[in-house]
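**Student:** return atomic coordinates for the entry below.
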Amino acid sequence: MNRNLEGATFGTIKTGLIKGTTSTLTTTVTSAGMIGGKYVSGVTALTNSAAPTTDIVTGAAFVALTDNQATVFVVGQNAAGTVLMAQGSIEATQIGVTTTAGDFILAPQFPILPDNFMVWGYVLCRTAPSAGNFLLGTATTGDWDATGVTSSQFVQCGVLPDRPVTA
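**Tutor:** Numbers count the residues shown, from 1 in each chain. Predicted coordinates:
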């Protein structure tokens, strides 16, 4: 008997995860997968659903980015079907120009995720000199594409790669 997947945690379907309007999330299908070898309760398709504002790792609000910084947000769910997010490290970027974010110096690192978390995907966010404080989910400066904020499209994955892809 092959036991290589015993106790494994992974998503088994591409949810169609994309950035919704403002700081929301949209998916096109119901999620599916396993946490610790047990099937999860699927989350039905989301349409501009509010992104979580609390980090599942720390239990606190996300940490705001100041000018010329980057971070990664990982989106997923727990076994009960609650949508959750975690924030990775915050790294300095090259100095941008006014509303244009600078290039990555070092890619932000993924957070260490709790055992009860199944990944759907991740998004990289960078700030320009004009961004002010970017805090996901807050008015005006907390939108995926607020002035001075550059957010990649979601990279969808059933498990996280070794490091975020920045290109």
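
**Student:** so which elements touch the worst-scoring helix or strand of the chain on mean pLDDT?
**Tutor:** Least confident helix or strand of the chain, by mean pLDDT, DSSP states H and E, is strand 149-151 with a mean of 92. Applying 3 or more C-beta pairs under 8 Å, 6 or more residues apart in numbering; DSSP states H and E, one finds that strand 149-151 contacts strand 118-127. Every C-beta, even on glycine, is put in place using the N, C-alpha and C of the backbone.

**Student:** just to revisit the earlier point, so how far is the least confident helix or strand of the chain from its chain's centroid?
**Tutor:** Relative to the centre of its chain, strand 149-151 is centred 13 Å away, using C-alpha atoms, centre = their mean, to the nearest Å.

**Student:** after it, next one along is what?
**Tutor:** strand 155-156 (DSSP states H and E).

**Student:** check the separation of the first and last residues in stretch 130-143.
**Tutor:** 14 Å (C-alpha to C-alpha, to the nearest Å).

**Student:** pull out the buried positions in it.
**Tutor:** Using 16 or more other C-beta atoms under 10 Å as the test for burial, stretch 130-143 gives 130-132, 134-138, 141-143.

**Student:** show me the contact partners of the least confident helix or strand of the chain.
**Tutor:** Residues from elsewhere that reach strand 149-151, judged by C-beta atoms under 8 Å, 6 or more residues apart in numbering: 19, 100-101, 123-128, 131, 134, 141, 143-145.
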